[in-house]
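**Q** Only the shape, not the letters, is given here:
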């Protein structure tokens, strides 16, 4: 068993037994479902919109080299600097060098999952820079010293009392149980940090090839401030975020907000085409974009699951996932939680170590229905299972399935085996058998009937 | 119409009354029903475990079993989805591809068959009880069946249909998942089973016997006063 | 060793040698290459100017943004002056523009043309920022500002209140029209920042409970003239 699987099983077991925490998460998502449905109802045809969104991403991803070339040419023409990183280490080195060359001291960041993926904060802090996460949820998680719980709602698992205690401890503020007051504490604390920072680091939700702009989606305004006040703006993005046309955003931006947060649009959707232009009164002097591969091309090379690169990181699949809701985001041990994380992590970080996430699913398919860009999520979990079984089959699976196959190939043996199974079921239930014992721990099996369907049918139709 | 029954392996062994009820309803509607005893398991447990080679063998065997049948009807959204959606995927690019597509086009889930193929919603059943309906995920999302079973239930004399919270939420069965990840599966059935029990219904009805195994097993363990019942059993009841 | 860029492009070209099938679509292929392509499946933006205005009003109300409709520029100035005195603003920063200057001139509190002598520390101390915009999207209740139309990047985000003054003719039905409009207006010389503002700043990060004014403005006013 891989280490990551052992940790997963341990954490999932603890969390799945925590009824209070699970109820808290379900309650927190209650408002989302209502708003999402209200907003979806405003679409004259949500399914057609999904078609358009998936086609926009499909076209770009399947012509990635050309679209990226066009994007970077336009981005550079607008005055930005493009950096290429094959992996996390290269991306960190690039950003550290920009910071060093700029003689920076303080860095403010807006929410960026790609920076979590490359463990950027640790690297910057180790090099002596002060780094502050400005998104409220990320700020709270940074103070807690914990990874994001959900890649859109980073601290949705933390109760207000815990946040109040955290702020009292780190910021010296008076305790409060009001989410509004807690938000205002963070607002006041962070304001001066934006003004003082030398570098602002953001992610990017879309890269627009046609115009060379990057698009950032947010609600709080922290990304706007991060890209407005510091003298250097660094954006970090995966190479798959590119779309061909500016007009693609007229579909993708509203759908991202509706699917992910139940909003018509998020509060701020901002396009940046470069550093401060001549005649503009503010904005950064330098604009750097770090484009990251980090095994995305490995996923690209799998045509069956290539559509996982269409992901716009809305989080809709997490919000509807019964696994996510019952084990929580931290148990995954991945940068990207939930169904999309279970699909892509084996590609990004190794199938053998991460296939258990594909196994830990009832394959209910709620994720696939929720996905605004029609990623075939739950079938990809099946594909990962198949690939893993081929690559490194477990002993149980080999013995069990080949044994089972031996039986079901022979209807007489199946019937006989069934007869024995039914006759011994009361005894079997008392034995500490693997799997069956686990099942029986919380659930009863029906009383075994005296005769099977096939026997009864035979008698009735003799 | 001559209908070939597709009886899931665990229905055959553990809940044969579901298969018998299915046949009873179809016969009552005037159809000829056959059961081909060479059938065993559709291969879904192996397919879901990634053992596609094994599953492929099961699929090819099933093609042989049902060769020549006009229509194949099964009382399980999950097992029918295996034949309808996943056999073609498993056998794509093999010499069996065309036959897999053909079988897929002739295979129906029980409630789907009644409503969409036969155009029947009132099968003359009586059942003076309060019931709530559980959508199995395969029926709901692989076969896109939502209204069909409800149309059938609404036409049953005396039956009161109550919708539950967590209506489209998975019960947590997922085949071997429920034994390999029992803690997650149990948490899921707590959510689902709890919502079903809160409806105050006498029965939770589903077109998926595997979901009923999971939900019923948990309800029984928790001593909840609501019983699992397959939709075929409701529709077979005419007394 | 090849540089990272060539390496990544080589990996992409190699990966794409095997084609992926087009996604299964429910309807006709629908992604618009140009903004002229209608998207009759997105939320409605209104077929007529009146319809658009009524959708806009409804959307803004849901977003908790305040729409103030006035018949002319004098009324706009009076509306902002009333707002300022009722809220007790002490310092208002504004973007220097023919639409905003008369409004700023009519205010009794301290005013400052922020883009003429930008100072971020000073801007942080302002109660409100007054700007124009590029367009207003009825479909979503979104106001499109830019570094050109709104006094740079910070003026529309740093002060605690944002007031936008616009002509009713700036309302366009949908997002696609607004993108087409800025492309036609600026061509390849886009402002370095274009931002759709859809309601006052907000967060739901604490227990998914909505709080306005996370980092950006807590209040958003759209003064629509005509």
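**A** Looks like it came in fine. Since we're looking at a predicted model, the values are computed, not measured. Residues are numbered from 1 along each chain as shown, chains lettered A, B, ... in the order given.

**Q** So what's the gap between the least confident helix or strand in chain C by mean pLDDT and the chain middle?
**A** In chain C, no helix or strand scores lower on mean pLDDT, DSSP states H and E than helix C:120-124, which sits at a mean of 94. Remark: helix C:120-124 is offset 21 Å from the chain centroid, using CA atoms, centre = their mean, to the nearest Å.

**Q** which residue ends up closest to the midpoint of the chain in space?
**A** Using chain A here. With distances taken as CA atoms, centre = their mean, residue A:336 lies nearest the centre of chain A, 3.2 Å away.

**Q** not quite, I wanted chain B
**A** With distances taken as CA atoms, centre = their mean, residue B:76 lies nearest the centre of chain B, 1.7 Å away.

**Q** Run through the strands of chain C in chain order.
**A** C:66-70, C:91-94, C:110-113, C:128-131, C:135-137, C:142-146, C:161-167, C:171-172, C:193-197, C:202-203, C:211-212, C:219-225 (DSSP state E).

**Q** is it true that residue A:281 touches residue C:119?
**A** No. Under the criterion of CB atoms under 8 Å, residue A:281 makes no contact with residue C:119, lying 9.8 Å away. C-beta here means a position set from N, CA and C on the backbone, and glycine is covered the same way.

**Q** need the helices for chain C, in chain order.
**A** C:4-15, C:49-62, C:73-87, C:101-105, C:120-124, C:175-186 (DSSP state H).

**Q** wait, which of those is closest to residue C:39?
**A** Ranking the helices of chain C by proximity to residue C:39 (CB to CB) places helix C:175-186 first, at 6.4 Å.

**Q** Which elements pack onto that closest one?
**A** helix A:249-261, strand C:135-137, strand C:142-146, strand C:193-197 (3 or more CB pairs under 8 Å, 6 or more residues apart in numbering or on different chains; DSSP states H and E).

**Q** how distant is it from the center of its chain?
**A** That offset, for helix C:175-186, works out to 13 Å (CA atoms, centre = their mean).

**Q** List the buried residues of it.
**A** Buried positions in helix C:175-186, judged by neighbour count with 16 or more other CB atoms under 10 Å in any protein chain shown: C:175-183, C:186.

**Q** so what's whichever residue of chain C sits closest to chain A up against?
**A** Distance from chain A to each residue of chain C (CB to the nearest CB) is smallest for residue C:216, at 2.4 Å. By CB atoms under 8 Å, 6 or more residues apart in numbering or on different chains, the contact list for residue C:216 reads A:220-222, A:224-225, A:267-268, C:157-158, C:162, C:200-201.

**Q** Tell me the one of these nearest residue A:100?
**A** residue A:225 (24.0 Å).

**Q** Quick check: the gap between the residue nearest to the centre of chain B and residue C:100.
**A** 68 Å (CB to CB, to the nearest Å).

**Q** now do residue A:435
**A** Counting by CB to CB, the gap between residue A:435 and residue C:100 amounts to 71 Å.

**Q** More neighbours: those two, which one.
**A** A direct count of neighbours by other CB atoms under 10 Å in any protein chain shown for residue A:435 and residue C:100 places residue C:100 higher, at 24 against 14.

**Q** How about that one: what's its closest non-neighbour residue?
**A** Distances taken as CB to CB, 6 or more residues apart in numbering or on different chains put residue C:94 closest to residue C:100, at 4.8 Å, once the chain neighbours are dropped.

**Q** can you pull the contacts of the one you found?
**A** C:100-101, C:103-104, C:111-114, C:129-131, C:151, C:155.

**Q** For the nearest residue to residue A:29 once chain neighbours are set aside, what is the enclosing helix or strand?
**A** Leaving aside its sequence neighbours, residue A:29 sits nearest to residue A:319 (CB to CB, 6+ apart; 5.7 Å). Counting by DSSP states H and E, the element that carries residue A:319 is helix A:316-320.

**Q** Could you do residue A:456 as well?
**A** Residue-wise, residue A:456 maps onto helix A:453-460 under DSSP H and E.

**Q** ok, back up a step: mind putting the contacts of residue C:94 into a markdown table with pLDDT?
**A** Shown next, in a markdown table, are the contacts of residue C:94 (pLDDT from 0 to 100):
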| residue | pLDDT |
| --- | --- |
| C:100 | 97 |
| C:101 | 97 |
| C:103 | 98 |
| C:104 | 97 |
| C:111 | 97 |
| C:112 | 96 |
| C:113 | 96 |
| C:114 | 95 |
| C:129 | 98 |
| C:130 | 98 |
| C:131 | 98 |
| C:151 | 93 |
| C:155 | 97 |
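
**Q** Closest one of the residues you listed to residue A:87?
**A** residue C:155 (39.6 Å).

**Q** thought residue A:354 was touching residue A:344?
**A** No. Look at residue A:354 against residue A:344 with CB under 8 Å: they stay out of range, at 9.3 Å.

**Q** hang on, isn't residue B:168 packed against residue B:134?
**A** No. Residue B:168 lies out of contact with residue B:134 (CB under 8 Å); the separation is 9.8 Å.

**Q** mind listing what the residue nearest to residue A:315 when sequence neighbours are not counted touches?
**A** Nearest residue to residue A:315, sequence neighbours excluded (CB to CB, 6+ apart): residue A:152, at 3.5 Å. Applying CB under 8 Å, 6+ apart, we find residue A:152 in contact with A:260-261, A:313-315, A:318.
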